[in-house]
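>>> Task: produce atomic coordinates for the following.
(one chain, ligands or ions: 2)
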Amino acid sequence: MINKFDAIVIGFGKGGKTLAGDLANRGQKVALIEKSSQMYGGTCINQACIPTKVLENQSSMIRRENISEFNEKATKYEESIDKKDGLITKLRAANYNKLNSNENITIFTGQGSFVSENTVEVKTIDGETITLEGEKIFINTGAKPNIPAIKGIENSNIVYTNETLMKLKKLPKKLTIIGAGYIGLEFAGIYASFGSEVTVINTQSTILPKEDNDDIEEVVNILKKRNVSFLNDVSIVEIKEENKSAKLIYKKNGEEEQIELSSDIVLVATGRKANTEGLGLEKANIELDNRGFIKVNDVLETTTKNIWALGDVNGGPQFTYISLDDYRIVINQLFKDKSRKTTDRKNVVNSLFLDPAFSRVGLNIKEAKEKGYNVLVAKMATEAIPRAKQIGKTDGFIKIVIDKDSEKVLGATMICEDSSEMIHLIQLAVDMELKYTYLRDRIYAHPTMTEALNDVLSPAMIKEV
Ligand SMILES: Cc1cc2nc3c(=O)[nH]c(=O)nc-3n(C[C@H](O)[C@H](O)[C@H](O)COP(=O)(O)OP(=O)(O)OC[C@H]3O[C@@H](n4cnc5c(N)ncnc54)[C@H](O)[C@@H]3O)c2cc1C
Ligand SMILES: NC(=O)c1ccc[n+]([C@@H]2O[C@H](COP(=O)([O-])OP(=O)(O)OC[C@H]3O[C@@H](n4cnc5c(N)ncnc54)[C@H](O)[C@@H]3O)[C@@H](O)[C@H]2O)c1
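Numbering: from 1, shown residues only. Ligands and ions are numbered 1, 2, ... in the order given. Next up is the predicted model:
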């Protein structure tokens, strides 16, 4: 029997679940397919944003306790993993129940794959095969860790990804992290704060190569204070398991000498690739781009009519809020004025959740100069902010980039407590093309981190660069 639906959503990610709920509330019959009962709610809830931020918060509290015994830290780590698991179990159930209670939604738990341009087969976890027909099909299958071709990396007991590491209840004494991007740096901060000795292996000459030098230095300093070591400009030769621990063999700066680094385990954090395996895209004539992501146009249509791709799988920026915005674009195109496109996204905020977070919006100094602006920079150390002193979190700085000629705010970097919240105020200013004096002259509550905008934007703090 073929089950007919107005819409089929493959993948229970941010964009897909929000779209499924919205379509159902508009009276459409929706099939939502999720391959794992452990993944209702998607990657963000189960394996990514939420669990890492629970651990970031826990580890920061534990670091401040200045515990000297490793065993005590290891116990606290194990408790934190339990706490994280408790929360995501609740969120997963809440996500499932919310959509399952909608009479217009049927959730199928199993692997979805295309049979044709309008038909999808689900191999359920109970071993059944169910065939679904949909007028419209939305792919929201996310991404998975990209494992580089390094000798010894596959099928190893000592090599972990973000997914498997957060299941490990035993705190590693020594952790080697390959990759110095978002995952590598966030995990370095988390595990160093819990008490692991962390080394970040970076094949590039610096971490965060697109950022200004002072931003990079500050992030490195914050992590170095937690005894994180950085090995930049290395090429990895091999990973070996010896006596149940890891040995990473690398070369420095193209030199011939091979150096060995020992640790308990290795985390691989080298980007994420599209989750398209087993989707049968070829049966629906859906093409991939040259990076292996599903090819979409600026309104997220794939190369096949009536099939869309949302979230990480379409090769856009890999953030939960981008997947949510993909949902907005699809709804706008289907039911509203068709004005929304991926190309109209303005100044998207990013926050790297260290303690404190490193948050960015708009242009940094490097980018503003490359675009030909005469650049003014307003910069102030976090330790000068009363709120920061009061809570004892004084690392970092606030830096606002201004166009000298128009006095408009071009962007900001904030490395301080609450920066992941404050950055949205700057986002608004950049989006609205406000002059910096507008932010400077507002009345802000005291004592808050935001009130620093009164001071950082005062004449004494602004310099031409
Ligand atoms: C460690 C880590 C930390 C992160 N932290 C942040 C953060 O703090 N903030 C942020 O904004 N972003 C963060 N991200 C990125 C964010 O998690 C992703 O961008 C986001 O989850 C992508 O969501 P999505 O909508 O593309 O789909 P996903 O949430 O990835 O959902 C895809 C779903 O599809 C299912 N699926 C796959 N194939 C099939 C199939 N064939 N049939 C049925 N189901 C299938 C999967 O099981 C999964 O549940 C982080 C990522 C990682 C890895
Ligand atoms: N706070 C957040 O919003 C947050 C947190 C974590 C992850 N994320 C998202 O998840 C995505 C994936 O994170 P990520 O850290 O895996 O990717 P990334 O692209 O941020 O960083 C990848 C790192 O791996 C290195 N690398 C790539 N290929 C390599 C190879 N073959 N050998 C050695 N090193 C290699 C790169 O030089 C880089 O340092 C991020 O881009 C981001 O969009 C977001």
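>>> From now on I want contacts and neighbour counts done on CA atoms only, so please keep to that.
Fine.
>>> Quick check: Ile307 touching Val120?
No: look at Ile307 against Val120 with Cα atoms under 8 Å: they stay out of range, at 11.7 Å.
>>> Which of the two has more residues huddled nearby?
Val120 (27 against 23; other Cα atoms under 10 Å).
>>> Please enumerate the strands of the stretch 351-465 of the chain.
Along the stretch 351-465 of the chain, the stretches classed as strands by DSSP state E, counting those that start in this stretch are 358-362, 375-381, 397-403, 409-415, 462-464.
>>> quick check, the helix ranked longest in the chain touching ligand 1?
Ranked by residue count, the top helix of the chain under DSSP state H comes out as helix 70-100. No: contact of helix 70-100 with ligand 1 (Cα under 6 Å from any ligand atom) is absent, the minimum separation being 10.4 Å.
>>> At the contact with ligand 1, which residues of this structure appear?
Contact residues, the chain versus ligand 1 (Cα under 6 Å from any ligand atom): 10-15, 33-36, 39-40, 42-44, 48-49, 110-113, 140-143, 162, 183, 275, 279, 311-313, 318-321, 323.
>>> The residues you listed in helices, which ones?
Per DSSP H, these map to helices at 14-15, 43-44, 49, 162, 183, 320-321, 323.
>>> near ligand 2, which residues of the stretch 151-300 of the chain show up?
Residues of the stretch 151-300 of the chain found near ligand 2 (Cα under 6 Å from any ligand atom) are 178-184, 202-204, 269-272.
>>> just the CA coordinates of stretch 32-52, formatted as PDB?
The C-alpha coordinates for stretch 32-52 follow below in PDB (Å, rounded to 0.1, in the frame of the first residue of the first chain):
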ATOM      1  CA  LEU A  32       8.200  13.100   9.000                       C
ATOM      2  CA  ILE A  33      11.000  10.500   8.600                       C
ATOM      3  CA  GLU A  34      13.800  10.100  11.200                       C
ATOM      4  CA  LYS A  35      16.300   7.300  10.900                       C
ATOM      5  CA  SER A  36      17.100   6.900  14.600                       C
ATOM      6  CA  SER A  37      14.900   7.000  17.700                       C
ATOM      7  CA  GLN A  38      17.900   8.600  19.400                       C
ATOM      8  CA  MET A  39      17.800  11.600  17.100                       C
ATOM      9  CA  TYR A  40      14.300  13.100  17.300                       C
ATOM     10  CA  GLY A  41      14.900  16.800  17.300                       C
ATOM     11  CA  GLY A  42      18.000  16.400  15.200                       C
ATOM     12  CA  THR A  43      21.800  16.900  15.600                       C
ATOM     13  CA  CYS A  44      21.600  20.200  17.600                       C
ATOM     14  CA  ILE A  45      19.700  18.700  20.500                       C
ATOM     15  CA  ASN A  46      21.200  15.200  20.500                       C
ATOM     16  CA  GLN A  47      24.800  15.500  19.500                       C
ATOM     17  CA  ALA A  48      25.800  19.100  19.000                       C
ATOM     18  CA  CYS A  49      24.800  22.600  20.300                       C
ATOM     19  CA  ILE A  50      22.800  21.600  23.400                       C
ATOM     20  CA  PRO A  51      25.100  18.800  24.800                       C
ATOM     21  CA  THR A  52      28.300  20.800  24.100                       C
END
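>>> got the buried residues for that stretch?
Using 16 or more other Cα atoms under 10 Å as the test for burial, stretch 32-52 gives 32-36, 38-48, 50-52.
>>> Can you show me the strands along the stretch 101-250 of the chain?
Under DSSP E, counting those that start in this stretch, the stretch 101-250 of the chain gives strands at 105-114, 119-124, 129-139, 143-145, 159-160, 174-178, 197-201, 229-231, 234-242, 245-252.
>>> Give me the number of neighbouring residues for the closest residue to ligand 2 within the stretch 1-150 of the chain.
The stretch 1-150 of the chain approaches ligand 2 most closely through Pro148 (4.5 Å), counting by Cα to the nearest ligand atom. Using other Cα under 10 Å, Pro148 has 13 other residues around it.
>>> what residues are up against the residue of the stretch 301-450 of the chain found nearest ligand 2?
Taking Cα to the nearest ligand atom, ligand 2 has its nearest neighbour within the stretch 301-450 of the chain at Gln318, 3.8 Å off. Contacts here follow Cα atoms under 8 Å, 6 or more residues apart in numbering; on that basis Gln318 touches 311-312.
>>> any idea how far it is from Tyr40?
According to Cα to Cα, to the nearest Å, Gln318 stands 19 Å off from Tyr40.
>>> Trp308 too?
20 Å.
>>> Now do the buried residues in stretch 114-134.
Buried residues in stretch 114-134, counted by 16+ other Cα under 10 Å: 114-115, 117-124, 130-134.
>>> How far does that stretch sit from its chain's centre?
How far stretch 114-134 lies from its chain's middle: 30 Å, per Cα atoms, centre = their mean, to the nearest Å.
>>> before we move on, what about stretch 390-403?
Relative to its chain's centre, stretch 390-403 lies at 22 Å (Cα atoms, centre = their mean).
>>> how about that stretch as CSV, C-alpha atoms only?
Provided in CSV are the C-alpha atoms of stretch 390-403 (Å, rounded to 0.1, in the frame of the first residue of the first chain):
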residue,chain,number,x,y,z
GLN,A,390,31.8,42.1,39.8
ILE,A,391,31.4,38.5,38.4
GLY,A,392,35.1,37.9,38.2
LYS,A,393,35.2,37.2,34.4
THR,A,394,37.6,39.7,33.0
ASP,A,395,39.2,37.9,30.0
GLY,A,396,38.8,39.4,26.6
PHE,A,397,37.8,42.6,25.0
ILE,A,398,35.1,44.4,23.0
LYS,A,399,36.0,45.7,19.5
ILE,A,400,33.7,47.7,17.3
VAL,A,401,34.6,48.4,13.6
ILE,A,402,33.4,51.7,12.3
ASP,A,403,33.4,53.3,8.8
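>>> What lies in contact with it?
Stretch 390-403 is contacted from outside by 218, 222, 356, 363-365, 368, 373-383, 388, 408-417, 436, 456, using Cα under 8 Å, 6+ apart.
>>> switch to 6 Å and redo it
374-383, 388, 408-416 (Cα atoms under 6 Å, 6 or more residues apart in numbering).
>>> can you check stretch 257-266 too?
Here stretch 257-266 makes contact (Cα under 6 Å, 6+ apart) with 158-160, 172, 174-177, 245-251.
>>> Leaving out the residues flanking it, which one is nearest to the spatially most central residue of the chain?
Geometric centre of the chain, nearest residue: Phe319, 5.0 Å, by Cα atoms, centre = their mean. In space, and not counting its chain neighbours, Phe319 is closest to Asp312: 7.5 Å by Cα to Cα, 6 or more residues apart in numbering.
>>> Look at that neighbour and report its pLDDT.
For Asp312, the pLDDT comes out at 98.
>>> residues contacting it?
Asp312 touches 142-143, 318, counting by Cα under 6 Å, 6+ apart.
>>> Can you lay out those as CSV showing distance to Asn332 and pLDDT?
Shown next, in CSV, are the contacts of Asp312 (distance: Cα to Cα, whole Å; pLDDT from 0 to 100):
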residue, distance to Asn332, pLDDT
Gly142, 22, 98
Ala143, 25, 98
Gln318, 21, 98
